[in-house]
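Give the three-dimensional model of this entry:
(one chain, ligands or ions: 1)
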Amino acid sequence: MKINDNYSRIKSSYLFTEIAKRVSEFSLKHPGKEIIRLGIGDVTRPLVPAVIDAMQKATLEMGSAATFRGYGEEQGYEFLRAAIAAYYGKKNVDLGLDEIFVSDGAKSDIGNILDLFDNDNIVLITDPVYPVYVDTNIMSGRKIRYLRADESNDFLPLPDGKKADIIYLCSPNNPTGAAYTAEQLKVWVDYATDCGAVILFDAAYESFVSGSLPTSIYQIEGAKKCAIEFCSLSKTAGFTGTRCGYTVVPKELVFEGAGLNSMWLRRQTTKFNGVAYVVQRGAEAVFSAAGQEQVRKDIEYYKENASIISEALKRGGIKHWGGVNSPYIWLKCPGKMTSWEYFDFLLEGPNIVGTPGSGFGENGEGYFRLTAFNTKEKTQQAMERLLSCAKAT
Ligand SMILES: *Cc1c(COP(=O)(O)O)cnc(C)c1O
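From the prediction side, this is the model:
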């Protein structure tokens, strides 16, 4: 038996293990110090009442022969796809129910979609990046070209004019928090159309968008012919542990005479058996009027934390991006520190844990990610400590 040797080419996910190691060593040496975690990449607010009510009701249905459900509809229950389509309708995006695929989250679909594409494709990925895009391509032996996201382009790179076949865009972005404007996305859509590329658009943070920026790539003219969109209730509605997302594959996506929609349907019905009925009922409730009002409050809570961080960094004279359309703040390490030097500085001084930017790719070196997922009280406390340490140095 020969193994898939591409796995030996994946960088070990040393980022979060190294963080855990440094934090536990520090705690052992300084048992009295209370550490505040602003490195959390997971939501912390509980599921909203509308979701809990719907899931409890669905659980009871499953316990009665008259209402029990076995295998569900292939692309996800119609009640949920209709709710998602209505949600898109409010964004002025018209989707057919057969263009929506309910999934157990965006991460799996982002990885699995590669089943549809030949290995001999040029993959374009912006760097710094959500590591899933990189690792899933390396696992299947594809070559990756990186596009630099940096201060010169406000971490929103545009096409460099060189050929690409598969293009990953994440807006609002993890880790930088940067969000593309409609004009910038139009440049990407036109570029993909010109070179016959497909855009894989990760909209996991769409609900964090403020103001009039696009929340779906399909708000851009021409996108239905070149883009697949991945979305998730993980960050929108606290579903990181509950697991539900959706992928939009428009019928207009045709490459070499093949419709990606029917290919994805074939792929999913062969390798995936759907999301739990109870969870799909919970997901449906997210899109109800009560559900929307409730999840919006939690998103505002996180966004208020982001603005607390942002304000403090401004006062401390620390250059930063993001936080407005995202739960992430991306900052430039002061004093030319490397990402890991700043990690140690924050841990040892104000006792704050964040995430070194270098963990998200080469261009992340010298930067640092703080997240808005802690409580408001802890976030405020962390920022007070950060500012008093900044004054002391
Ligand atoms: C959290 C996150 C997702 C969502 O993943 P799920 O599998 O739906 O939990 C997708 N993309 C990015 C960039 C993320 O940060």
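
can you list the domains in the chain?
Structural domains assigned to the chain are 7-47+291-392, 49-287, following automatic domain parsing.

Dump those to JSON lines, plus mean pLDDT, distance to the ligand and mean neighbour count.
Any C-beta I mention is one placed from the backbone N, CA and C, and that applies to glycine too. Below are those laid out as JSON lines (pLDDT from 0 to 100; distance: least, C-beta to the nearest ligand atom, whole Å; neighbours: other C-beta atoms under 10 Å):
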{"stretch": "domain 7-47+291-392", "mean pLDDT": "95", "distance to the ligand": "7", "mean neighbour count": "18"}
{"stretch": "domain 49-287", "mean pLDDT": "97", "distance to the ligand": "3", "mean neighbour count": "19"}
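
Same list (those domains) but as JSON lines, adding distance to Met1.
JSON lines is the format used below for these (distance: least, C-beta to C-beta, whole Å):
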{"stretch": "domain 7-47+291-392", "distance to Met1": "14"}
{"stretch": "domain 49-287", "distance to Met1": "17"}
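
so what secondary structure elements neighbour the longest helix anywhere in the chain?
If you go by DSSP state H, the chain has its longest helix at helix 289-315. Judged by 3 or more C-beta pairs under 8 Å, 6 or more residues apart in numbering; DSSP states H and E, the packing partners of helix 289-315 are helix 49-62, helix 234-237, helix 277-286, strand 320-322, strand 328-332, helix 376-392.

How far does stretch 191-204 sit from its chain's centre?
Here the centre of stretch 191-204 is set off from its chain's centre by 17 Å, with C-alpha atoms, centre = their mean, to the nearest Å.

Using just helix, strand and coil, how would you label the residue nearest to Asp115 when sequence neighbours are not counted?
Of all residues not flanking Asp115 in the chain, Arg267 sits nearest, at 5.2 Å (C-beta to C-beta, 6 or more residues apart in numbering). Secondary structure, DSSP: H, G, I helix; E, B strand; the rest coil: Arg267 is helix.

Next up, the contacts around the residue nearest the centre of the chain.
By C-alpha atoms, centre = their mean, the chain has its centre lying nearest to Ala204, at 4.1 Å. If you count contacts by C-beta atoms under 8 Å, 6 or more residues apart in numbering, Ala204 has them with 106, 170, 174, 230-232, 234-235.

switch the cut-off to 7 Å
106, 231-232, 234-235 (C-beta atoms under 7 Å, 6 or more residues apart in numbering).

What of Val254?
So Val254 contacts nothing (C-beta under 7 Å, 6+ apart).

Distance check, it against Thr270.
21 Å (C-beta to C-beta, to the nearest Å).

Repeat that for Ala85.
Ala85 sits 25 Å away from Thr270, going by C-beta to C-beta.

measure Ser232 to Arg45 for me?
Counting by C-beta to C-beta, the gap from Ser232 to Arg45 is 16 Å.

If you could redo that for Ile125, that was the one I meant.
31 Å.

Check Tyr87 too.
Computed as C-beta to C-beta, the Tyr87 to Arg45 distance reads 20 Å.

try Asn174
Distance from Asn174 to Arg45, by C-beta to C-beta: 18 Å.

before we move on, what about Val278?
Using C-beta to C-beta, Val278 is found at 20 Å from Arg45.

try Ala65
Relative to Arg45, Ala65 is positioned 36 Å away (C-beta to C-beta).

do Tyr180 as well
Counting by C-beta to C-beta - Tyr180 and Arg45 are separated by 27 Å.

Also Ala164?
Ala164 is 38 Å from Arg45, where distance means C-beta to C-beta.

Quick check: Pro370 touching Ile329?
Actually, residue 370 is Leu. It isn't Pro. Yes: the criterion here is C-beta atoms under 7 Å, and Leu370 meets it with Ile329 at 4.6 Å.

overlap in contacts of those two?
Ile309.

Okay, helices next: where are they in the stretch 101-250 of the chain?
Along the stretch 101-250 of the chain, the stretches classed as helices by DSSP state H, counting those that start in this stretch are 106-112, 131-139, 182-195, 234-237.

Need the ones you listed in a markdown table (columns: distance to Gly72).
As requested, the helices of the stretch 101-250 of the chain are exported to a markdown table (distance: least, C-beta to C-beta, whole Å):
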| stretch | distance to Gly72 |
| --- | --- |
| helix 106-112 | 17 |
| helix 131-139 | 26 |
| helix 182-195 | 33 |
| helix 234-237 | 20 |
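
so which of those gets nearest Tyr246?
helix 106-112 (8.4 Å; C-beta to C-beta).

other SSEs contacting that closest one?
Packing partners of helix 106-112 (3 or more C-beta pairs under 7 Å, 6 or more residues apart in numbering; DSSP states H and E): helix 131-139, strand 198-202, strand 227-232, strand 245-248.

Hey, what's the angle from the second one to strand 227-232? Just curious.
Same thing as strand 198-202. 20 degrees (axes from the mean of the first three to the mean of the last three C-alpha atoms, to 10 degrees).

what residues does strand 198-202 touch?
Contacts to strand 198-202, defined as C-beta under 7 Å, 6+ apart, come from residues 106, 110, 113, 130, 166-170, 188, 192, 217, 226-230, 255.
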